[in-house]
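1. Structure for this input, please:
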Amino acid sequence: MSAYRQILYHIVFRTKASEKTIDLLHFNRLKNYISGIIENKKCVSFKINGMEDHIHILSDLHPSIALADYIKDIKIASSKWMKQSGFFPNFRGWGIKYCALTYSYKERDILINYIRNQQEHHKKESFRDEILRFFKEHSIEMDEKWFWVDN
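-> Okay, the predicted model is just below:
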């Protein structure tokens, strides 16, 4: 069965308790590992970047994969690898929640640039403010505590 689709997701998730445990010196290793996970799922990774406490992924989602399973698989595999690699000695895991927003392919290059410039962007806006802005821009009502709690 063939499927024609354009499912572009901007996925954001944070470290457990928003701890700054992602060593940016080794971020390229993490990015490459996550890109491999995405490729193995027959999806396309357009851009991955982040900060010490969170990660952004711009990805096409293959129609055979459920979004929740996709993110769960990325988080579980990357968490295990980060803990075993030795490059992220303080990493305790990912937060439970995530943000996944859909976009038109017309916006792909804008999103790639936004994700590429995370370090510069976060000199002006905190991660918390960024997430709240995303939710507001997408008219998503949220209980702010829901996103930040790690139960």
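
2. C-alpha from now on. contacts and neighbour counts both.
-> Fine.

3. where does this structure have low pLDDT?
-> 1-3, 144-151 (pLDDT under 70).

4. By residue count, what's the longest helix in it?
-> Longest helix in the chain, counting residues (DSSP state H): helix 67-85.

5. Return the set of buried residues in that helix.
-> By neighbour count with 16 or more other Cα atoms under 10 Å, helix 67-85 contains the buried residues 70-71, 74-75, 78-79, 81-82.

6. from the residues you listed, which is closest to Glu141?
-> Of all the buried residues of helix 67-85, Ile71 has the smallest distance to Glu141: 21.2 Å, by Cα to Cα.

7. For the host helix or strand of Gly36, which outside residues touch it?
-> In this assignment (DSSP states H and E), Gly36 forms part of helix 27-40. Residues from elsewhere that reach helix 27-40 (Cα atoms under 8 Å, 6 or more residues apart in numbering): 44-45, 48-49, 74, 77-78, 82.

8. Please point out which parts of stretch 28-41 sit buried.
-> For stretch 28-41, a neighbour-count test (16+ other Cα under 10 Å) marks 30-31, 33-38, 41 as buried.

9. Quick one: distance of it to the chain centre.
-> Centre-to-centre, stretch 28-41 and its host chain are 12 Å apart (Cα atoms, centre = their mean, to the nearest Å).

10. re the thing from before, export the contacts of helix 27-40 to TSV and tack on distance to Lys20?
-> Output for these, formatted as TSV (distance: Cα to Cα, whole Å):
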residue	distance to Lys20
Val44	27
Ser45	24
Ile48	17
Asn49	14
Ile74	19
Ala77	19
Ser78	16
Met82	14
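
11. And those, which is closest to Ile55?
-> Taking the contacts of helix 27-40 together and measuring to Ile55 by Cα to Cα, the closest member is Asn49, at 5.9 Å.
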